[in-house]
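Undergrad: Okay, sequence plus prediction incoming.
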Amino acid sequence: MTMSDQPVFVFGSNLAGFHGKGAALYARKKHGAEQYIGVGRTGNAYAIPTKDGQLKTLPLDQIRHYVNGFIGYAQQNPDLEFEVTRIGCGLAGYQDQDIAPMFQTAPGNCRLPDGWRL
């Protein structure tokens, strides 16, 4: 577990790191996600970009690249627990069936949204 005994909050972000709406705003206010850092771990949060620096939705293959980076981080940190939100399924406009398959290799220390782990 983390120092605060809370799982790391994993949320969809944008490459500009502007955490102004949705789960990103929650991550900034409640989990210490740093403004203007759109990829990776800050505070007790982990940002996975689903939008570019101009807040346009990224293509699925680019999101998959960032998801793979997160999965590697989770595998390298088995002592941490991760609470994964429905990244890409809110403001970015994707459906669960678009994003969930990207997380099929996520290790057991990742709590995935309902229906995301097959």
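TA: Done, it's in. Numbering: from 1, shown residues only.

Undergrad: so what's the residue lying closest to Gly93 once chain neighbours are set aside up against?
TA: Using CB to CB, 6 or more residues apart in numbering and skipping the chain neighbours, the partner closest in space to Gly93 is Thr57 (5.9 Å). C-beta: built from backbone N, CA, C; applies to glycine. Thr57 is in contact with Thr50, Lys51, Ala92, Gly93, Tyr94, counting by CB atoms under 8 Å, 6 or more residues apart in numbering.

Undergrad: neighbours around Ala106, how many?
TA: 20 (other CB atoms under 10 Å).

Undergrad: Now a PyMOL select for only the buried ones of the contacts of Thr57.
TA: In PyMOL, a selection of the buried entries from the contacts of Thr57 looks like this (16 or more other CB atoms under 10 Å):
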select buried, resi 50+51+92+94
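
Undergrad: Give me the subset of the contacts of Thr57 that lies in strands.
TA: Thr50, Lys51 (DSSP state E).

Undergrad: Widest-spaced pair of the contacts of Thr57?
TA: Largest separation among the contacts of Thr57 by CB to CB: Lys51 and Tyr94, giving 10.9 Å.

Undergrad: following the lengthiest helix in the chain, which helix or strand comes up?
TA: Assignment by DSSP state H gives helix 60-76 as the longest helix of the chain. Once the chain leaves helix 60-76, the next helix or strand it forms, by DSSP states H and E, is strand 82-84.

Undergrad: Tell me the buried residues in the helix or strand just after that next one?
TA: Where DSSP H and E defines the elements, the next helix or strand beyond strand 82-84 is helix 96-99. Neighbour counts over helix 96-99 (16+ other CB under 10 Å) mark Ile99 as buried.

Undergrad: Before I go, just wanted to say thanks for your time.
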